[in-house]
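Trainee: Fold the following.
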Amino acid sequence: MMLDWNSPKYIDLPDLRMAVFEAGTPRDDRPSVMLCHGWPEVAYSWRKVVPQLVQAGWHVLVPEQRGYGFTGKALNDAGDESGVPLYDMEHLTGDMAHLLDAYGLEKAVFAGHDWGGIMMWQLPFFQAERIAGLIGVNTPFIPRLSLDPIELMRGALGDDFYIVMFQNYGQAEAVLDADPALPLRCLYRQSASGPQAQTPMPAGSAEIWEKIQLLNMIQQDEATWPGIPLLNDADFAYYVDAYKRSGFRGGINWYRNFTRNWQATEGIEQIVPQPSLMICAADDRVLPPSMAEGMPAYVRDLETHIIDNCGHWTQNEQPEALSALMLDWLARRFA
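Mentor: Next comes the predicted model:
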């Protein structure tokens, strides 16, 4: 089964023309699977997982999320700071429900990586009736914090931490859009353990990398960057073209809604009752497995696994292991 990753289907949602890649055939005896990418990713990040799901008989939808790639910005987004609220959790989770409506589907199993995982774990609070099951890839469920998450991150990691820095409208996208290949080269690096992947931190700049100061990271000499490049030339070119097409602003606007999303969930009980699978990556420095240790207190029907020798980009680093865990759980719970 081969998808043409340059020819999505376009679905008209209330305020968005969403690009979607579809594979397999819907079935009455099992739910469809929705694969949700993160940042800085696009639907293409699931390219090695989709064929394995389809071969096992699953219908798969892979949306290019709001603000990204072929989908681009919301229709009502004027392209300035006034458009930031159009990327809040209500809109992101609403896109998933509207997409199911467009395909005539009542429910789906949602799998989310990185920001796709953050959005997916909020579906129980915004679109609970549309969920058959949930699969977190690297991204754990984190219950609502008692304080504004941006202020907590600012206090712990400083103003140069990438999520905090992203709150300054226009700053990050101006730098990243000037040369999309540069931040993508910097971020898409093998972070799994082993002598090839573990390059010592550059002298005097360990804090830049440990605290993910992205704008400072890309200013370092590339020869000193930790790790090794993850993507081959063709895959890397696809990602670069995607960000040349849409720019970084849309995806960064998701980060600019941390406080708004936190405010919107005040008073909501942080319990996830749906069947859930959590797949961690042993060597993910951004979302280490330890972050998932508290999930059983909130996610009532949870199964957890850890993929060894795998960093943050699980769909690229260990697609076979990821697919095998997903397929095993899907077969036991829904087939």
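Trainee: mind checking how far the residue sitting nearest the centre point of the chain is from residue 326?
Mentor: For the chain, the residue nearest the mean C-alpha position is residue 38 (2.0 Å; C-alpha atoms, centre = their mean). Noted for residue 38: a distance of 16 Å to residue 326, by C-beta to C-beta, to the nearest Å. The C-beta positions use only the backbone N, C-alpha and C, and glycine is treated the same way.
Trainee: now residue 164
Mentor: Taking C-beta to C-beta, one finds residue 164 at 33 Å from residue 326.
Trainee: In the stretch 101-250 of the chain, mark out all the strands, start to finish.
Mentor: Under the criterion DSSP state E, counting those that start in this stretch, the stretch 101-250 of the chain contains strands at 108-113, 131-137, 189-190, 228-229.
Trainee: Hmm, residue 314 is touching residue 279, no?
Mentor: Yes. Shown here, residue 314 and residue 279 form a contact pair, counting by C-beta atoms under 8 Å, at 7.1 Å.
Trainee: so what sits against both of these two?
Mentor: Applying C-beta atoms under 8 Å, 6 or more residues apart in numbering, one finds that residue 314 and residue 279 are jointly contacted by 137-138, 307, 322.
Trainee: got the residues you listed as JSON lines, with pLDDT, distance to residue 294 and neighbour count columns?
Mentor: Output for those, formatted as JSON lines (pLDDT from 0 to 100; distance: C-beta to C-beta, whole Å; neighbours: other C-beta atoms under 10 Å):
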{"residue": "137", "pLDDT": "98", "distance to residue 294": "18", "neighbour count": "29"}
{"residue": "138", "pLDDT": "98", "distance to residue 294": "16", "neighbour count": "29"}
{"residue": "307", "pLDDT": "98", "distance to residue 294": "20", "neighbour count": "24"}
{"residue": "322", "pLDDT": "98", "distance to residue 294": "23", "neighbour count": "27"}
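Trainee: What about the residues you listed, which are in helices?
Mentor: residue 322 (DSSP state H).
Trainee: Need the shared contacts of residue 314 and residue 279 in CSV (columns: distance to residue 251).
Mentor: Below are the shared contacts of residue 314 and residue 279 laid out as CSV (distance: C-beta to C-beta, whole Å):
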residue, distance to residue 251
137, 17
138, 17
307, 25
322, 22
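Trainee: Closest one to residue 96 out of the shared contacts of residue 314 and residue 279, please.
Mentor: Residue 96 has its nearest neighbour among the shared contacts of residue 314 and residue 279 in residue 137, at 16.0 Å by C-beta to C-beta.
Trainee: State the distance from that closest one to residue 279.
Mentor: Taking C-beta to C-beta, one finds residue 137 at 5 Å from residue 279.
Trainee: shared neighbours of the two, anything?
Mentor: 314, 322.
Trainee: got a list of what residue 64 touches?
Mentor: Applying C-beta under 8 Å, 6+ apart, the residues near residue 64 are 8, 18-21, 37, 42-43, 70-71.
Trainee: which non-adjacent residue is nearest residue 97?
Mentor: residue 127 (4.7 Å; C-beta to C-beta, 6 or more residues apart in numbering).
Trainee: residues touching the one you found, list them.
Mentor: The contact partners of residue 127, by C-beta under 8 Å, 6+ apart, come to 93-94, 96-97.
Trainee: Point out where the stretch 101-250 of the chain drops to low pLDDT.
Mentor: Within the stretch 101-250 of the chain, the stretches with pLDDT under 70 are 191-204.
Trainee: hmm, 50 instead?
Mentor: 192-197 (pLDDT under 50).
Trainee: hmm, who's touching stretch 71-85?
Mentor: Contacts for stretch 71-85 (C-beta under 8 Å, 6+ apart): 15-19, 63-67, 86-87, 91, 169-170, 245-246, 249-250, 253, 256-257, 260.
Trainee: repeat that with 6 Å
Mentor: 15-16, 18-19, 64, 67, 86, 169, 246, 250, 253, 256 (C-beta atoms under 6 Å, 6 or more residues apart in numbering).
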